[in-house]
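In: Sequence plus the predicted model coming up.
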Amino acid sequence: MRGIQGPLAVAAVAAAVLTVTACGNGDRAAAAVTNASRPSTTPAAASTPLPGQESVQCGTGPGGLAVVTYTTKGADFCPTALLVATTYTQERAKKTGGDFAIQVADMRWVCGERQGDPNPYQECASQNESADKVRLLS
């Protein structure tokens, strides 16, 4: 019971603020509701390597973006990371949005845009080897 008191109090305060705001200015009330209902933009994945991984700068990829891989394989993984980055950007041009899968080096990768802090980045995560990730950063 104690664990839900905090979230309930926050919800009650938010409802009170929205009610008071709605009395004074409809535009501000709409903005408050929109902001309150928007999902968090905090990235789900950590921005630092997991235990056993290392962050490896693999150079410049398509569009001048930096290619960084999080892997247990070290710099030897860079040719694969660069191929993943190239394949992803080629396939991305054909898509309208959202995550999608690509196949590179006999591995399935799920790729998409992620919200960073503060800038978004593109990431592909291996579905065969969970430790491998490739990021394209500006």
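Out: Alright, I've got the coordinates.
In: Lowest-scoring secondary structure element of this protein by mean pLDDT?
Out: Every helix and strand in the chain was compared by mean pLDDT, DSSP states H and E; the lowest is helix 26-37, with a mean of 36.
In: Give me the next element, helix or strand, following it.
Out: strand 54-60 (DSSP states H and E).
In: Name the residues of the helix or strand following that following strand that are buried.
Out: Moving toward the C-terminus from strand 54-60, the next helix or strand (DSSP H and E) is strand 66-71. Across strand 66-71, burial judged by 16 or more other CB atoms under 10 Å covers 67, 68, 69, 70, 71. Bear in mind the C-beta positions are built from the backbone N, C-alpha and C, glycine included.
In: Over to stretch 106-115?
Out: Applying 16+ other CB under 10 Å to stretch 106-115 flags 109, 111, 112, 114 as buried.
In: Do I have it right that the last one meets residue 125?
Out: The reference is to residue 114. No. If you go by CB atoms under 8 Å, residue 114 and residue 125 don't touch, sitting 9.9 Å apart.
In: burial count for residue 104?
Out: Counted by other CB atoms under 10 Å, the residues lying close to residue 104 total 19.
In: May I ask you to confirm that residue 85 belongs to a helix?
Out: Yes. According to DSSP: H, G, I helix; E, B strand; the rest coil, residue 85 belongs to a helix.
In: List the contacts of the closest residue to it other than its chain neighbours.
Out: With sequence-adjacent residues excluded and distances taken as CB to CB, 6 or more residues apart in numbering, residue 85 is closest to residue 61, at 3.9 Å. Counting by CB atoms under 8 Å, 6 or more residues apart in numbering, residue 61 makes contact with 67, 82, 85, 86, 89, 136.
In: before we move on, back to that, okay, the buried residues of strand 66-71 in TSV with pLDDT next?
Out: Converted to TSV, the buried residues of strand 66-71 look like this (pLDDT from 0 to 100):
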residue	pLDDT
67	98
68	97
69	96
70	95
71	94
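In: For the chain, give me the ranges with low pLDDT.
Out: 1-48 (pLDDT under 70).
In: Mind doing that once more with 80?
Out: Low-confidence segments of the chain (pLDDT under 80): 1-52, 129-131.
In: Sheet partners, orientation included, of the one helix or strand residue 110 maps to?
Out: Secondary structure assigned from DSSP H and E places residue 110 in strand 107-114. Paired with strand 107-114 in the same sheet, following DSSP bridges, are strand 100-104 (antiparallel), strand 121-126 (antiparallel).
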